[in-house]
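Peer 1: Any chance you could fold what I've pasted below:
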Amino acid sequence: MKRLSWSAAATLAYAAVMLVLERGMRKTGGPGIIPFELAGNAEGAQEIMTDWGSEGRRWARWSLWLDFGYMLTYGTLALLLIERARSRHGHPIALRLLPIGAVAGDAIEGVALLKALDGVDVDTNARLARSAALTKFALLAVGLVYTVIGGVRRRS
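Peer 2: Numbers count the residues shown, from 1 in each chain. Below is the predicted model:
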């Protein structure tokens, strides 16, 4: 339980930092990072980068670089929560792959978006980032639902 508490605290603290970066992008008149993650093509990504201007792109770059640390905190928290539910119910160890896959998707997404910000094959990198982001969100959602159901079933 102690590891879970520390992991939750670290994730929340890191999320607070990420929110500062998110506000920085939005104050330029552009969107936050998630619409950039989901742009999916050169036109959408370029439109967002234009809306951001150089200041917003700087905030986005910081957000993407710091996200590599954030993914470790939320990935650890998700892994601990899933493991807690999994071990209580004797479910397969393969469920641990959900947060691991989500973090891997987030890392692929981050690299692709950093390349897009640098103007490197923006269309391909925007498409790759979108696919990786959708995979990340789906795996995290499945893990969250599993954890919630596991917690509810224990209380019943």
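Peer 1: rest of the way, CA atoms for contacts and neighbours
Peer 2: OK.
Peer 1: could you pull out the helices for the chain?
Peer 2: Taking DSSP state H, the helices of the chain run over residues 2-26, 33-37, 42-89, 97-117, 122-155.
Peer 1: The residue positioned nearest the centre of the chain: what's it in contact with?
Peer 2: The chain has D106 as the residue nearest its centroid, 5.3 Å off, counting by Cα atoms, centre = their mean. Listed by Cα atoms under 8 Å, 6 or more residues apart in numbering, the contact set of D106 reads M71, A132, A133, K136.
Peer 1: try it again with 7 Å
Peer 2: A132, A133, K136 (Cα atoms under 7 Å, 6 or more residues apart in numbering).
Peer 1: And the closest residue to the first one other than its chain neighbours, how far from K27?
Peer 2: Counting by Cα to Cα, 6 or more residues apart in numbering, A132 lies nearest to G105, which is 4.7 Å off, once chain neighbours are set aside. In this structure, G105 lies at 28 Å from K27, with Cα to Cα, to the nearest Å as the measure.
Peer 1: same check, this time on W52
Peer 2: Distance from W52 to K27, by Cα to Cα: 9 Å.
Peer 1: Thank you kindly, that will do.
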